[in-house]
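A.B. asks: Here is a sequence together with a model predicted from it:
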Amino acid sequence: MFCFACRHFAPPTYGNADEAFIKSGFRRWKKAHGKDGAIEKHISSQCHKTSCIAWADYQRNKADKTSIAQCISEAYQKKVRENRHYIKTLGEIILLTVTQDISQRGHREGDDELNPGNVPDEAKDVSKAEQLALVIRFYDEIANCIQECFISFTQMDLLDAASITDIILKSLDKLGLDYKSSLVGLGFDGASVMSGGISGVQKRIRDKAPFVYYIHCYGHRLNLVLINVAKYVPQAAEFFSLLEELYIFASNSVVHEKFILIQREMLPEEQVRELQHLSDTRWWCRATSCENALLVQQIAVKIVQIVKQA
């Protein structure tokens, strides 16, 4: 037995438990059914949900008679507009921080701070290639203060600890910095490739620079707290699961067409809202999803009732 959605629309990577439904066909019937059965687990897997979304997108494009070339062209134009918006926003931020003579990164985020810090995150270029952002903080003896400088973005072909360590140390060597005796601190996220105490980046650098102290980024710590809190609060976990199921439901070509039509009828003066796919690593998308779901709540209820009656 195969899963139609996953066999035809599965993402490039998936778990071992999903492989039978995609490649070889599921045959273990004694373990197929029940709450902990293989079929139920597969239906709840991220692979299956992603495949259903891709299948729904395909059905919608087919119903609209939209070609792949048109999708690519529209997606490209949308990406250009987004990138221009991002570049403009980044430019405005840099102008503000330069005008106020404050660093791009800081450690004070309290409500009573006049100039709270700005915390950067990972970066990808337009082709989705991973980039390593290198920033150094140092004590300026002339100005008698802590300074911070952005050094570079470096495209990463490999994302293992050895490759990342090599890029960091080569960048410091290129600047003529004696990291073996002068480097005293490192700050990254908590991923094992970065923070691992046996072969992670921080351990590899500490082997060469004995005075280094590793700090787990507080921004990433907060993100991990939010993710885990949501998972262990039943109401929150059920709520976000419902949002994801609602998104998958509304992505069906027939349902999506009615969803847009009813939205335009009930809210003729409002901009059409689309439900958002959730992400575990970007909480802003969850906020957007909640906002859109709240604005179209009555419409979502009506479309569910229409489909149920049909």
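C.D. replies: In hand now; what should we look at?

A.B. asks: what residues are up against the nearest residue to R221 once chain neighbours are set aside?
C.D. replies: Among residues not flanking R221 along the chain, G190 sits closest, at 7.3 Å (CB to CB, 6 or more residues apart in numbering). Placement of C-beta: from N, CA and C, glycine included. G190 is in contact with H216, C217, H220, R221, L224, counting by CB atoms under 8 Å, 6 or more residues apart in numbering.

A.B. asks: helix or strand for the third one, which one?
C.D. replies: Meaning H220. helix 218-232 (DSSP states H and E).

A.B. asks: Show the subsequent helix or strand relative to the least confident helix or strand in the chain by mean pLDDT.
C.D. replies: One helix or strand of the chain scores below all others by mean pLDDT, DSSP states H and E: strand 123-124, with a mean of 54. Remark: after strand 123-124, the chain's next helix or strand is strand 130-140, criterion DSSP H and E.

A.B. asks: Which residues in that following strand does the neighbour count mark as buried?
C.D. replies: L132, L134 (16 or more other CB atoms under 10 Å).

A.B. asks: I'd like the numbering to begin with 41 instead of 1 from here.
C.D. replies: Let's use 41 as the start, then, which means that last one is strand 170-180.

A.B. asks: Could I get the average pLDDT for it?
C.D. replies: Strand 170-180 shows a mean pLDDT of 85.

A.B. asks: From the chain's centroid, how far away is the following helix or strand past that strand?
C.D. replies: The C-terminal neighbour of strand 170-180 among helices and strands, as given by DSSP H and E, is strand 185-195. Its chain's average C-alpha position is 24 Å from that of strand 185-195, according to CA atoms, centre = their mean, to the nearest Å.

A.B. asks: With stretch 195-212 instead?
C.D. replies: 22 Å.

A.B. asks: List the contacts of it.
C.D. replies: By CB under 8 Å, 6+ apart, the list of residues contacting stretch 195-212 reads 165, 169-172, 174, 191-192, 194, 219, 223, 233-234, 236, 239-241, 244-245, 248.

A.B. asks: do the same with stretch 44-59
C.D. replies: 61-62, 78, 81-82, 85, 87-88, 90-92, 94-95, 98.

A.B. asks: Could you check which helix or strand contains the residue nearest to S235 when sequence neighbours are not counted?
C.D. replies: Sequence neighbours aside, Q242 is the residue nearest to S235 in space, at 5.8 Å (criterion: CB to CB, 6+ apart). Assigned by DSSP H and E, Q242 belongs to helix 241-248.

A.B. asks: For that helix, buried residues please.
C.D. replies: Quick answer for helix 241-248 (16+ other CB under 10 Å): V241, Q242, K243, R244, I245, R246.

A.B. asks: Looks like the second one contacts A249 (just checking).
C.D. replies: Looking back up the chat, that one is Q242. No - counting by CB atoms under 8 Å, Q242 does not reach A249; the two are 10.3 Å apart.

A.B. asks: related to what we said a few turns ago, need the max-distance pair from the contacts of stretch 44-59.
C.D. replies: Distance extremes for the contacts of stretch 44-59: the farthest pair is A78 and Y98 at 25.7 Å, using CB to CB.

A.B. asks: the more surrounded of these two?
C.D. replies: Neighbours of A78 and Y98, each counted by other CB atoms under 10 Å, are more numerous for A78; the result is 19 against 14.

A.B. asks: thought the more buried one was touching R67?
C.D. replies: No - A78 is beyond contact range of R67, at 10.2 Å (criterion: CB under 8 Å).

A.B. asks: shared neighbours of these two, which are they?
C.D. replies: A60.

A.B. asks: so who does the residue lying closest to R313 once chain neighbours are set aside touch?
C.D. replies: The shortest distance from R313 to any non-neighbouring residue, by CB to CB, 6+ apart, is to N332 (4.6 Å). Residues near N332 by CB under 8 Å, 6+ apart: R313, E314, L315, Q316.

A.B. asks: go with 10 Å
C.D. replies: L283, Y287, R313, E314, L315, Q316, A340 (CB atoms under 10 Å, 6 or more residues apart in numbering).

A.B. asks: got it, and N292?
C.D. replies: C92, W95, A96, D97, Q99, R100, A103, K298, F299, V347.

A.B. asks: Just the buried subset of these, please.
C.D. replies: Judged by 16+ other CB under 10 Å, buried ones among these: C92, W95, A96, D97, R100, K298, F299.

A.B. asks: Give me the next element, helix or strand, following the helix or strand hosting R304.
C.D. replies: Under the criterion of DSSP H and E, R304 resides in helix 293-306. On the C-terminal side of helix 293-306, the closest following helix or strand by DSSP H and E is helix 323-335.
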